[in-house]
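In: need the 3D shape of this:
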Amino acid sequence: MGKWRNPPLTVAEKNRKHYLKITQAGYCPNHSDRPVVPNRVVCEECILAAKRRASAAKAAGKCPRHPSVDMAKGKKSCEACLVNGRIQLLPKSIRQAAREAWTNFQGVCQICGTTSPVNGRWCFDHKDNLFRGILCLHCNWALGHIKDDIKILENMMNYLVSFR
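Out: Numbers count the residues shown, from 1 in each chain. Below is the predicted model of the structure:
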């Protein structure tokens, strides 16, 4: 039997090895002769170039991270960036469910049916960390104020029905 030989590296594997070698040594992956800025993975020139691109995108009314996409109305980034930022604030255990719900979200509150995608709120059980869906601001507020108690909700319904 012949000796075992490792198969030749693909271009992607060679690039990955080169990237790791350079970044572990403390150099910029884009400019291998320049050291990285502390607590960053790129050099000062790359940071400045990214800031220039972001400024140009903002001036054109485009998202700094997605220059081909318009900014959300009255915001400093696109809808996708806003949603992703909000998802990152959720507990890790429910982020995937929230991402899927937002992907399928049609801009309609699951309780009252109003169309208010800008004011969509993540609805999740704080006790059990279970994601429940996306509601409008008012329905989410109402559930929070009754502390998700079904008995209180039934009492509220009975109260309203008694005046009909």
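In: in this protein, which residue is most central in space?
Out: N84 (1.4 Å; CA atoms, centre = their mean).
In: which residues does it contact?
Out: For N84, no contacting residues are found, by CB atoms under 8 Å, 6 or more residues apart in numbering. Every residue, glycine included, has its C-beta placed from N, CA and C.
In: got any ranges where this protein has weak pLDDT?
Out: Applying pLDDT under 70 to the chain flags residues 1-6, 9, 116-119.
In: those helices in it, which residues are they?
Out: Assignment of helices within the chain using DSSP state H yields the ranges 11-24, 44-59, 79-88, 95-104, 137-145, 150-161.
In: and D70, which of the ones you listed is closest to it?
Out: Proximity to D70 (CB to CB) singles out helix 79-88 among the helices of the chain, at 9.2 Å.
In: what residues sit buried inside that closest one?
Out: Across helix 79-88, burial judged by 16 or more other CB atoms under 10 Å covers 79, 81-83, 87.
In: now for the residues you listed: which two are most distant?
Out: Across these (CB to CB), the longest gap, 12.4 Å, separates E79 and I87.
In: separation between the residue nearest to the centre of the chain and R40?
Out: N84 is 21 Å from R40, where distance means CB to CB, to the nearest Å.
In: what residues of stretch 11-28 count as buried?
Out: Buried-residue list, stretch 11-28, by 16+ other CB under 10 Å: 22, 27-28.
In: N140 - how many residues pack around it?
Out: 21 (other CB atoms under 10 Å).
In: now do it against C109, distance only.
Out: In terms of CB to CB, N140 sits 9 Å off from C109.
In: cool, and V42?
Out: Counting by CB to CB, the gap from V42 to C109 is 42 Å.
In: these two: who's more crowded?
Out: Comparing V42 with C109 by neighbour count (other CB under 10 Å), the higher total belongs to C109, at 22 against 18.
In: my read: that one touches W141, true?
Out: No: using CB atoms under 8 Å, C109 makes no contact with W141, being 11.7 Å away.
In: can you tell me the closest non-neighbouring residue to I146?
Out: Nearest residue to I146 in three dimensions, chain neighbours excluded: I152, at 4.4 Å (CB to CB, 6 or more residues apart in numbering).
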